[in-house]
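# need a structure here:
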Amino acid sequence: MTTIEQAELAPWSGTNSETVARQAIPKLLGVATANPPTRYSQRELLDLLDIDDPKIRGLYLNGGIESRYLTLPPVGADGNLTSETQGELLGKHRRYGVTTGASAIRQCLESIGRTPADVDYLVAVTTTGFLTPGFSALLINELGLSPRTARLDVVGMGCNAGLNGLTAAAAWSTANPGRLAVLVCTESCSAAYVYDGTMRTAVVNSLFGDGAAAVAISTDAPPVRAGRPAVPRPQVLGLHSYMITHAVDAMRYDWDDEAGKFSFYLDKEVPYEVGAHVERVIDQLLGDAGLRRRDIAHWIVHSGGKKVIDAVKINLGLTNHDLRHTVSVMRDYGNLSSGSFLFSYQRLLAEGRVARGDYGVLMTMGPGSQIETALLRF
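You can find the predicted model right below:
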């Protein structure tokens, strides 16, 4: 486990030790999400894409997803969706990545009584396109952040990348106590779609959705404003990673010469690879903190797909209740790539059941093949 601060995890019974622990360790101060304006049910998408293959229809209708936010191309004169070039897809990635990312950041800051002028460090995560300058620079410009804002782009790491970005933001917060960092994950997955009728692309097209999520991080928690309910601000106690090296090609972008654009590939063995390795990374994360799985009150797992969620559930011995937010985000949004876990985290906070002293685990999975985890204490 990567220890965020060289200090013992102090017990919560003593006031002085509690104060020290709170000051020494980064905290998640607020979270917000945003989506593009257009939302489709899975059945609507089947009609729009004119899909009648029963196997592909089954992917759409039996994957635990009811609806997703997507930005689809217009319908042409022939009644079908028009084909987009790679350049048009990249333009979509930039346009909606900036608008939804900026919206999530604004809402996140407003929820903790801060403004864009308060942000000292911005980590921008994306996988659905490549831009130079990246989203960190574009969002600083869009939001009017100070030109002195430090920034980092995490690009191309996939669905696990939100926790990779959180690692960077938490480390920066520890090195700059009291200053405010923001992590934003902004993904336009519909900018990475290829419509060619094959099972390979159908797996991707049936699963992913568009959206952005932002979380604020600092070692200092601002006071709760009058009239606002107290929101839990958990400490980030540690992080742990595990790469399934023999499955490095199981999730990847390939260039499709025929289509003239990139095409994402998901191996059918991904859920089983994740399931086979998830115990060792979780046990390492918890073991380093002297904890066991039964000590964890809240599980926030990436909404990677029905089979992936089931594999995590079975191998960790979790319940449907443990994964209720993971499943509900999957149902309402599909797989949102790097920001999925923050959509689930937002739902956990909105539920109002987190108690002081509770432990929580964040888990994401993606290309590498990679499993990322973080331990929280509320």
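# hey, where'd the strands end up in the stretch 1-150 of the chain?
Counting by DSSP state E, counting those that start in this stretch, the segments of the stretch 1-150 of the chain that form strands are 2-3, 27-34, 39-41, 67-69, 119-126, 150-155.
# For those strands, give me TSV that also has mean pLDDT and mean neighbour count.
C-betas here are computed from N, CA, C, even on glycine. Converted to TSV, the strands of the stretch 1-150 of the chain look like this (pLDDT from 0 to 100; neighbours: other Cβ atoms under 10 Å):
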stretch	mean pLDDT	mean neighbour count
strand 2-3	44	14
strand 27-34	97	24
strand 39-41	97	15
strand 67-69	98	23
strand 119-126	98	26
strand 150-155	98	18
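# Can you say which of those is nearest to residue 344?
strand 27-34 (10.1 Å; Cβ to Cβ).
# Using a markdown table, please lay out the strands of the stretch 1-150 of the chain together with distance to residue 239.
What follows is these, written out as a markdown table (distance: least, Cβ to Cβ, whole Å):
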| stretch | distance to residue 239 |
| --- | --- |
| strand 2-3 | 5 |
| strand 27-34 | 13 |
| strand 39-41 | 33 |
| strand 67-69 | 29 |
| strand 119-126 | 14 |
| strand 150-155 | 14 |
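# Tell me which of these lies nearest to residue 202.
Nearest to residue 202, of all the strands of the stretch 1-150 of the chain, is strand 67-69, at 14.4 Å by Cβ to Cβ.
# for that closest one, packing partners?
The helices and strands touching strand 67-69, judged by 3 or more Cβ pairs under 8 Å, 6 or more residues apart in numbering; DSSP states H and E, are strand 39-41, helix 42-48, helix 324-333.
# Just the CA coordinates for the longest one, please, in CSV.
What that stands for is helix 324-333. Extracted C-alpha coordinates of helix 324-333, given in CSV (Å, rounded to 0.1, in the frame of the first residue of the first chain):
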residue,chain,number,x,y,z
ARG,A,324,-26.0,-1.5,-4.7
HIS,A,325,-24.5,1.8,-5.9
THR,A,326,-22.2,0.1,-8.4
VAL,A,327,-25.2,-1.8,-9.9
SER,A,328,-27.5,1.3,-9.9
VAL,A,329,-24.9,3.5,-11.7
MET,A,330,-24.5,0.7,-14.3
ARG,A,331,-28.3,0.6,-14.7
ASP,A,332,-28.7,4.3,-15.1
TYR,A,333,-25.5,5.3,-16.9
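# Buried ones in that helix, by neighbour count?
325-327, 329-333 (16 or more other Cβ atoms under 10 Å).
# just checking, what packs against that helix?
If you count contacts as 3+ Cβ pairs under 8 Å, 6+ apart, helix 324-333 packs onto strand 67-69, strand 296-301, helix 306-316, helix 340-351.
# Mind jotting down where the helices sit in the stretch 1-150 of the chain?
15-24, 42-48, 54-61, 86-111, 135-143 (DSSP state H, counting those that start in this stretch).
# Now do the longest one: distance to the chain's middle.
The reference is to helix 86-111. 14 Å (Cα atoms, centre = their mean, to the nearest Å).
# now for it, which elements pack on it?
The elements that helix 86-111 packs onto, with contact taken as 3+ Cβ pairs under 8 Å, 6+ apart, are strand 27-34, strand 119-126, helix 135-143, strand 180-187, strand 211-218, strand 261-266.
# in the stretch 101-250 of the chain, what spans have low per-residue confidence?
222-229 (pLDDT under 70).
# if we can go back for a sec, include distance to residue 246 when you put the helices and strands packed on helix 86-111 into CSV, please.
As requested, these are arranged in CSV below (distance: least, Cβ to Cβ, whole Å):
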stretch, distance to residue 246
strand 27-34, 34
strand 119-126, 26
helix 135-143, 32
strand 180-187, 27
strand 211-218, 31
strand 261-266, 16
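# of all those, which lies closest to residue 65?
strand 211-218 (13.5 Å).
# Can you list the strands that the closest one pairs with?
strand 27-34 (antiparallel), strand 180-187 (antiparallel) (DSSP bridges).
# Quick one: closest of those to residue 66.
For the strands paired with strand 211-218, distance to residue 66 was read as Cβ to Cβ. The smallest value, 17.5 Å, belongs to strand 27-34.
# Would you pull up how far stretch 354-365 lies from the middle of the chain?
The chain centre lies 15 Å from the centre of stretch 354-365; the measure is Cα atoms, centre = their mean.
# go on, stretch 231-248?
Worked out by Cα atoms, centre = their mean, stretch 231-248 lies 12 Å from the chain centre.
# Look at that stretch and report the distance between its end residues.
Taking Cα to Cα, to the nearest Å, stretch 231-248 runs 39 Å from one end to the other.
# Give the buried residues for that stretch.
Using 16+ other Cβ under 10 Å as the burial criterion, the residues of stretch 231-248 that qualify are 231-244, 247.
# Nearest to residue 353 among these?
residue 232 (10.0 Å).
# Quick check: the closest one touching residue 360?
No - contact criterion Cβ atoms under 8 Å: residue 232 and residue 360 do not qualify, at 9.3 Å.
# Nice, that's everything, thank you.
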